[in-house]
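*Asks:* below: sequence and its predicted model.
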Amino acid sequence: MSEENKNIIRRFYQELWNEGKLEVANELFHPDFIGHAPGSPGTRGPEEVKRFVAMYRSAFPDLHITIDDQVADEGTVGSRFTIRGTQRGPFMGLPPTNKSITMTGMAMTRVQNGMVMSDWGEFDMLGALQQLGIIPSGPPGAGGPPGAGGPPGR
């Protein structure tokens, strides 16, 4: 059972995310699916999964997710992954930067009767926004308001 569930999640990343085969969501995701990820507080059902993936793939058409590690018990698959892509389209209301990103993430995905029921994903959105130049990067306090980051009382 655990290996079957890992294969379902591998298809989720490979076919849906990497290849952009949105129709795969109908096969893999239960109608009562609920997902949680940065930028999506509660994706519900296969249709919303397709919209979420399409939003990212339109911003990052070369988006690729590599599974770095995966573990499973009877009903849950844990995946550690690396996401790479180049922002060629609008993203979160921001114009294309044509910059590439690499970010890491993890997800705990519950599979029941061969279908994805829920997914809790976290990935380094702050790092991605810094790589895109949308949020400044640097030492603590750099680029913040006057007086930020200095010792107390100064």
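*Replies:* Nice, I can see it. Residues are numbered from 1 along each chain as shown.

*Asks:* what is the rounded mean pLDDT of the top helix by length along the chain?
*Replies:* Longest helix in the chain by number of residues (criterion: DSSP state H): helix 45-59. Mean pLDDT, helix 45-59: 94.

*Asks:* kindly report the same for stretch 124-140.
*Replies:* 85.

*Asks:* just checking, what packs against the longest helix of the chain?
*Replies:* With contacts defined as 3 or more C-beta pairs under 8 Å, 6 or more residues apart in numbering; DSSP states H and E, helix 45-59 has these neighbours: helix 24-28, strand 29-37, strand 40-44. For glycine as for every other residue, the C-beta is placed from the backbone atoms N, C-alpha and C.

*Asks:* what does the helix or strand just after that helix contact?
*Replies:* Going down the chain from helix 45-59, the next helix or strand is strand 64-72, by DSSP states H and E. The contact list for strand 64-72, computed with C-beta atoms under 8 Å, 6 or more residues apart in numbering, reads 2-3, 5-6, 9-10, 13, 17-18, 77-85, 104.

*Asks:* direction included, what does strand 64-72 pair against?
*Replies:* strand 76-86 (antiparallel) (DSSP bridges).

*Asks:* low pLDDT regions in this structure?
*Replies:* Low-confidence segments of the chain (pLDDT under 70): 138-154.

*Asks:* how close does M103 get to I83?
*Replies:* 5 Å (C-beta to C-beta, to the nearest Å).

*Asks:* which neighbours do the two share?
*Replies:* 123, 128.

*Asks:* what residues does stretch 22-33 touch?
*Replies:* 8, 11-12, 15-16, 43-47, 49-50, 53-54, 112, 115-119.
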